[in-house]
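Student: requesting a structural model of the entry that follows:
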Amino acid sequence: MIPTLIIAGTHSGCGKTTVACGIMAALIARGYRVQPFKVGPDFIDPSHHSAICGKPSRNLDPVMMGGEEVIRTFVHASQGADIGVIEGVMGMFDGLEGSSTGSTADVARILSLPVILIVDVTGISRSAHAIIHGYSTFDPDVKVGGVIFNRVGSRHHRQMIESSLAVPVYGWIPADPERTTESRHLGLFMAGEDDTMQKWGPLIEKSCDLDALLRDAKIPPLLPIESGEVEKAFSARVAVARDPAFCFYYEENLRRLERRGGNLVYFSPLQDRLPEADLLYLGGGYPELHAGALASSPCIRDIYRAAESGMPVYAECGGLTYLCRKLQTNVQVYQMAGVLPADVTMYPRFQALGYIEAESSGASPLLPKGLSYRGHEFHYSALDCDRDACFAVRLSRGQGIQEGRDGLCTQKTVGTYCHAYFTDMFADALLAAGKEWKKQ
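Tutor: Numbers count the residues shown, from 1 in each chain. Have a look, this model is predicted:
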């Protein structure tokens, strides 16, 4: 076990991500090996964590994973690190459909850790203490260990707040209207597009008491949970698309594929040819921003031929878009891979957002009938599918591609809007299809 900080916020936009990333950067600058984590299903904040810490950030999402899997992921990811930093999600108690399930507070309860609360004091002084009191007393099972005040306007502003302090304070971060971070959709730009987060370390070192944070960081009172998984011998070679167009992957999905016998080979559909493989995994991302380059790359023809020959292909969200026939953006129409019988249109507002619960229908040999799993969907596109289109997945929660149906399929290709959290059975099904293809 390692000492760990959970960075919670009063609400989205209070500075939670910038403070968490700044703490990570400051600790790295001091020579600590930091293991980053993100509460919830987000892909973008973890990309900044990973860029700063030099190791993959892990999602901790009780809705998709369950409490025991949260603990298992935390324990195994923490090995070899000196300290963990967990960035929360939204407001501290904001979870699934108005409940606390899946919230930062939920993860704090599961790991038995206090939280550091980020309080944006723009336009308030003494009222900040009413906010802190409410967050500290709302749930007796979750402890607020201290606060960091963000966007402090002046020395006098700080003095007015200090006059009524009742909890430990770890930092006073000054307001700076020029220090902003650009956003896309509901999140920031990816780490490869914007390195602002990595520059917050010196400010945190100057504005926060890092020594006190290190001193007060708690070690979760957990016994290591054995996963029950035995490292399996190599069974299938998995080509994983990973570049600026395909950058949304749950790290635990990739590690699970490896533990279950997958040999992962990363490539860029923007620049590379499709490598020799038994199974292709196309994650989500921003294919619409790179549609021209994707359409002109030789890899798109490689993937079409591989899918048409019966090679197993699993694609999520952006990967689904890439496998369809056409992509209509606000600029023009692009020809995509043409593997799946649908056309895609991008819209200015998101078309679906939320958790999903899914079960495979047995329509595709890639996913055996009755395979159940959870995940998350968030997309700005919509599909116009052929009338006779076949769907491999039924949703009991979520929208999917069309009225609760997801997993557009043909031969051994399945494309889904859902970003699935892989179970052992899910990973085994994909690898079994790859192994069968290898025999051929």
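
Student: which helices and strands does the host helix or strand of Leu264 pack with?
Tutor: The secondary structure element spanning Leu264 is strand 262-267 (assigned by DSSP states H and E). When contacts are defined as 3 or more CB pairs under 8 Å, 6 or more residues apart in numbering; DSSP states H and E, strand 262-267 sits against strand 236-241, helix 251-259, helix 424-439. Every residue, glycine included, has its C-beta placed from N, CA and C.

Student: buried deepest among these, which one?
Tutor: strand 236-241 (a mean of 23; mean count of other CB atoms under 10 Å).

Student: mean confidence for that strand?
Tutor: In this model, strand 236-241 has an average pLDDT of 97.

Student: contacts for the helix or strand following that strand?
Tutor: The helix or strand immediately downstream of strand 236-241 is strand 246-248, counting by DSSP H and E. Contacts made with strand 246-248 from outside it, assessed by CB atoms under 8 Å, 6 or more residues apart in numbering, are listed as 43, 47, 190, 192, 269, 282-287, 316-319, 322, 419.

Student: what residues of stretch 396-414 count as buried?
Tutor: Residues of stretch 396-414 classed as buried: 397-402, 404-414 (neighbour count, 16 or more other CB atoms under 10 Å).

Student: before we move on, the earlier item: give me the buried subset of the contacts of strand 246-248.
Tutor: Using 16+ other CB under 10 Å as the burial test, the contacts of strand 246-248 include 43, 47, 190, 269, 282-287, 316-319, 322, 419 as buried.

Student: related to what we said a few turns ago, and the buried residues of stretch 396-414, which of them are in strands?
Tutor: Taking DSSP state E as the definition of strands, these contribute Arg397, Arg405, Asp406, Gly407, Leu408, Cys409, Thr410, Thr413, Val414.

Student: which helices and strands does the helix or strand just after the strand holding Leu264 pack with?
Tutor: Elements were assigned by DSSP H and E; along the chain past strand 262-267, the next helix or strand is strand 279-282. Judged by 3+ CB pairs under 8 Å, 6+ apart, the packing partners of strand 279-282 are strand 236-241, helix 299-308, strand 313-316, helix 318-323, helix 424-439.

Student: any idea of the mean pLDDT in the last one?
Tutor: Translated: helix 424-439. With pLDDT averaged residue by residue, helix 424-439 scores 94.

Student: may I have it as PDB, with CA atoms only?
Tutor: What follows is the C-alpha trace of helix 424-439 in PDB, where atoms were taken according to Å, rounded to 0.1, in the frame of the first residue of the first chain:
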ATOM      1  CA  ASP A 424     -12.600 -11.700 -17.900                       C
ATOM      2  CA  MET A 425     -15.300 -13.300 -20.000                       C
ATOM      3  CA  PHE A 426     -15.400 -10.400 -22.400                       C
ATOM      4  CA  ALA A 427     -11.600 -10.400 -22.900                       C
ATOM      5  CA  ASP A 428     -11.600 -14.200 -23.300                       C
ATOM      6  CA  ALA A 429     -14.300 -14.000 -26.000                       C
ATOM      7  CA  LEU A 430     -12.300 -11.500 -28.100                       C
ATOM      8  CA  LEU A 431      -9.100 -13.600 -27.700                       C
ATOM      9  CA  ALA A 432     -10.800 -16.800 -28.500                       C
ATOM     10  CA  ALA A 433     -12.000 -15.300 -31.800                       C
ATOM     11  CA  GLY A 434      -8.500 -14.200 -32.500                       C
ATOM     12  CA  LYS A 435      -7.100 -17.600 -31.600                       C
ATOM     13  CA  GLU A 436      -9.600 -19.300 -33.900                       C
ATOM     14  CA  TRP A 437      -8.700 -16.900 -36.700                       C
ATOM     15  CA  LYS A 438      -5.000 -17.700 -36.200                       C
ATOM     16  CA  LYS A 439      -5.700 -21.400 -36.800                       C
END
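
Student: tell me where the protein is predicted with low confidence.
Tutor: Where the chain drops to pLDDT under 70, the residues are 177-198, 224, 226-230.

Student: okay, the residue nearest to Glu231 when sequence neighbours are not counted and Pro312: tell me how far apart.
Tutor: Take Glu231 and drop its neighbours on the chain: the residue closest to it by CB to CB, 6 or more residues apart in numbering is Arg259, 5.9 Å away. Separation of Arg259 from Pro312 (CB to CB, to the nearest Å): 19 Å.

Student: what do you get for Met336?
Tutor: Where Pro312 is concerned, Met336 sits at a distance of 19 Å (CB to CB).

Student: and Gly404, by the same measure?
Tutor: Computed with CB to CB, the distance linking Gly404 and Pro312 is 25 Å.

Student: can you check His379 too?
Tutor: 23 Å.

Student: so the two - more neighbours on which side?
Tutor: Pro312 (30 against 24; other CB atoms under 10 Å).

Student: for the more buried one, what are its contacts?
Tutor: Asp278, Leu279, Leu280, Leu366, Lys412, Thr413, Leu430, Ala433, Gly434, Trp437.

Student: torsion angles phi and psi at the nearest residue to the fifth one once chain neighbours are set aside?
Tutor: Residue nearest to Lys412 in three dimensions, not counting chain neighbours: Pro312, with 4.4 Å by CB to CB, 6+ apart. When read as degrees, to the nearest 10, the backbone of Pro312 gives phi -70, psi 130.

Student: mind checking how far Pro312 is from Gly338?
Tutor: When distances are taken as CB to CB, Pro312 and Gly338 turn out to be 18 Å apart.

Student: about what we covered before: tell me which two of the ones in strands among the buried residues of stretch 396-414 sit farthest apart.
Tutor: Across those, no pair lies farther apart than Arg397 and Thr410, at 25.5 Å, counting by CB to CB.

Student: who touches the closest residue to Lys438 other than its chain neighbours in this structure?
Tutor: Spatial nearest neighbour of Lys438, excluding adjacent residues (CB to CB, 6+ apart): Asp278 at 4.3 Å. Each residue near Asp278 by CB under 8 Å, 6+ apart is listed here: Ala236, Arg237, Val238, Met311, Pro312, Gly434, Lys435, Trp437, Lys438.

Student: go on, Gly40?
Tutor: In this structure, Gly40 makes contact with Asn59, Leu60, Asp61, Val89, Met90, Gly102, judged by CB under 8 Å, 6+ apart.

Student: now these as CSV including secondary structure?
Tutor: Rendered in CSV, the data for the contacts of Gly40 read as follows (DSSP: H, G, I helix; E, B strand; the rest coil):
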residue, secondary structure
Asn59, strand
Leu60, strand
Asp61, coil
Val89, coil
Met90, coil
Gly102, coil
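
Student: contacting residues for Glu316?
Tutor: The contact partners of Glu316, taken as CB under 8 Å, 6+ apart, are Phe248, Leu282, Gly283, Gly284, Gly415, Thr416, Tyr417, Cys418, His419, Ala420.

Student: the second one contacts Cys317, correct?
Tutor: Right, the one you point to is Leu282. No: the pair Leu282 and Cys317 fails to qualify as a contact (CB atoms under 8 Å) at a distance of 9.3 Å.
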